[in-house]
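Structure for this input, please:
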Amino acid sequence: MLYMICGFIFGCLIPYFARRIGKLMPATMGYILLKIFIPYHYMPWSKLKENQQYVNLFNRYLMRSLGWGIFTAAATYLFFIVFDHKFTNWYVAFLWILLLLVEIDKRFLLLPDILTLPLLILGFGYAAQHGPWLTTNDIEFINFAQNSFLGAAFGYGMPVLASMFIVWKHPEAFGGGDIKLLCGIGAWVGFEVISYILLLSCFIFGITCLINRRRVGPYGPAIVYATLVAVLFFFGI
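Numbers count the residues shown, from 1 in each chain. A predicted model of the protein is given here:
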């Protein structure tokens, strides 16, 4: 229950965090944290509500925040049920960072380093704490630290190699933020799963382009959705 409440609160703040981070970039982590919790000068609500356009924007913003809150609470609760409680905090942090990146990329076409790099570091930390172990048949030895490094390297290297073949026609096929995001996710999921995420994200991005009738758009959300599906399937089920 506590995870659901915390997830709802964080989810409601996702649009606010995304707006502040997106508008303040490029900036250091310390500057972002300072500006997030110290708001700009503001006008009294009694004057703002006289502007009907602002009231409409505020209502849309409020509904978006509530939607994110409900979704994040449900996703957090699902992660709490599916994963071993020993590592629940790690996976919840992983989930929240990914969801925040979705909102930022949708609104600003940006995947900032102040989130993708901590995602990579946390992935290595999770692998280090998880440690090596044997599978149920006690035959195959799993080294999570090594698998995390290979996953990060593969998540970074494959998009770079792929972009080399299409950069002449589509120079922005893979942005730097997309590659760093895949690298960070690779540190969490390992070498094998990141390859499935790459393929699934391409499929999801193609479907969203067909639905929205456009040829370009933010690729980060497709990566995140593919990651959530892959994580729940490979590590949960």
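
if I look at the closest residue to Gly11 other than its chain neighbours, how far off is Phe191?
Closest residue to Gly11 apart from its sequence neighbours, by CB to CB, 6 or more residues apart in numbering: Thr72 at 2.8 Å. Placement of C-beta: from N, CA and C, glycine included. Counting by CB to CB, to the nearest Å, the gap from Thr72 to Phe191 is 29 Å.

And those two? Which one has more around it.
Using other CB atoms under 10 Å as the criterion, Thr72 and Phe191 rank with Thr72 on top: 25 against 17.

Helix or strand next in line after the helix or strand where the more buried one lies, which one?
Assigned by DSSP states H and E, Thr72 falls within helix 52-82. Sequence-wise, the next helix or strand downstream of helix 52-82 (DSSP H and E) is helix 88-108.

got the buried residues for that next one?
Across helix 88-108, burial judged by 16 or more other CB atoms under 10 Å covers 88, 90-92, 94-105, 108.

what do you get for stretch 71-78?
Buried residues in stretch 71-78, counted by 16+ other CB under 10 Å: 72-73, 75-78.

Below-threshold pLDDT in this structure: ranges please.
Residue ranges of the chain with pLDDT under 70: 39-52, 54, 84-86, 131-142, 163-175, 236-237.

Report the central residue of it.
With distances taken as CA atoms, centre = their mean, Leu98 lies nearest the centre of the chain, 1.5 Å away.

How about that one, nearest residue that isn't a chain neighbour?
Val224 (4.6 Å).

Point me to the helix or strand that includes the one you found.
Per DSSP H and E: helix 220-231 holds Val224.

Remind me what that helix packs against, helices and strands.
Applying 3 or more CB pairs under 8 Å, 6 or more residues apart in numbering; DSSP states H and E, one finds that helix 220-231 makes contact with helix 88-108, helix 176-189, helix 191-212.

try 6 Å this time
helix 88-108, helix 191-212 (3 or more CB pairs under 6 Å, 6 or more residues apart in numbering; DSSP states H and E).

what separates the last one from the chain centre, distance-wise?
The reference is to helix 191-212. Distance of helix 191-212 from the chain centroid (CA atoms, centre = their mean, to the nearest Å) equals 14 Å.

mind exporting that helix as CSV, just the C-alpha atoms?
Extracted as CSV, the C-alpha positions of helix 191-212 are listed here (Å, rounded to 0.1, in the frame of the first residue of the first chain):
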residue,chain,number,x,y,z
PHE,A,191,23.0,-8.6,-22.8
GLU,A,192,20.2,-10.9,-23.9
VAL,A,193,17.2,-8.9,-22.9
ILE,A,194,18.4,-5.6,-24.3
SER,A,195,18.5,-7.2,-27.8
TYR,A,196,14.8,-8.0,-27.5
ILE,A,197,14.1,-4.5,-26.2
LEU,A,198,15.7,-3.0,-29.3
LEU,A,199,13.6,-5.1,-31.6
LEU,A,200,10.4,-4.6,-29.7
SER,A,201,10.9,-0.8,-29.5
CYS,A,202,11.2,-0.6,-33.2
PHE,A,203,7.9,-2.4,-33.6
ILE,A,204,6.2,-0.2,-31.0
PHE,A,205,7.6,3.0,-32.6
GLY,A,206,6.4,1.8,-36.0
ILE,A,207,2.9,1.1,-34.7
THR,A,208,2.7,4.6,-33.0
CYS,A,209,3.8,6.3,-36.2
LEU,A,210,1.0,4.5,-38.1
ILE,A,211,-1.6,5.4,-35.5
ASN,A,212,-0.5,9.1,-35.3
